[in-house]
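Q: Below is the structure, and that's it, no one-letter string:
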């Protein structure tokens, strides 16, 4: 479970997050969306206990991210937006390193995310730095999962990866959700947002959209949309996002 209550974050005079609140239930997948600078990475840093300098409250797996850092980290799997493994170590060595760091066994990944590991297993002796982008992301996720986390944070894990790897990642996420893992994943892909249980759209640190894909579509059913609505007249999530962001940009100072 993730619970965020009234988070505000400043960098000097710049406010990066404005009174953000939301909740990710056990087994739920929430897609975090927004343009670069919307506050997504800042929010991840707070939830991952990297940045304690904010107002409001953030609870991860039942623990406060500022007062119970060790408890949060023991129950959290975090995949940052940049490649964070050891490029000079092999696939197997990276997995063993992270398993030891958490007091777990590298063999645990075979039960936690078998689909991801099966695609990596033939390359266990390959150095991580020599892998393709999709394979690197799969390995990063495996290393984040090896200690059976209750909460998983993924910062754009499918950006620039091949379609098969993207499918493999989401297939694993769906199965982790069924096991009760709470998942917050940032993405720029509209189709991925539609696959999630809920969508959180941030713009300049403010929450603009929150809800299931179907509820978001229904809430704009009778709204005249601005922006390049499909010529067929069929509304999409992309049309709604463009409308909301265009309206917001117009009223912003």
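A: Perfect, I can see it now. Since this is a predicted model, take the numbers as computed values, not measurements.
Q: alpha carbons only for contacts and neighbour counts from here, please
A: OK.
Q: Next, count neighbours for residue 172.
A: Counted with other CA atoms under 10 Å, residues neighbouring residue 172 total 17.
Q: Revised request: answer the last question for residue 128.
A: 24.
Q: Pull the contacting residues for the closest residue to it other than its chain neighbours.
A: Leaving aside its sequence neighbours, residue 128 sits nearest to residue 87 (CA to CA, 6 or more residues apart in numbering; 4.6 Å). By CA atoms under 8 Å, 6 or more residues apart in numbering, residue 87 lies in contact with 127-130.
Q: Find me the pLDDT at residue 68, would you?
A: At residue 68, the pLDDT value in this model is 97.
Q: scratch that, residue 223
A: pLDDT, residue 223: 77.
Q: distance of residue 107 from residue 136?
A: Distance from residue 107 to residue 136, counting by CA to CA, to the nearest Å: 19 Å.
Q: So the residue nearest to residue 128, which state does it fall into?
A: coil (DSSP: H, G, I helix; E, B strand; the rest coil).
Q: That one and residue 153, how far apart?
A: 22 Å.
Q: go on, residue 72?
A: 12 Å.
Q: Need phi/psi at the residue nearest to residue 128.
A: For residue 87, the backbone dihedrals (degrees, to the nearest 10) come out as phi -60, psi -30.
Q: quick one: it from residue 129, how far?
A: From residue 87 to residue 129 the distance is 4 Å (CA to CA).
Q: picking that back up, mutual contacts of residue 72 and residue 153, please.
A: By CA under 8 Å, 6+ apart, the residues touching both residue 72 and residue 153 are residue 48.
Q: Do a quick rundown of the helices in the stretch 101-250 of the chain.
A: Taking DSSP state H, counting those that start in this stretch as the test, the helices found in the stretch 101-250 of the chain are 109-112, 114-120, 133-145, 163-178, 190-195, 213-219, 237-251.
Q: Since that was my last question, I'll sign off now.
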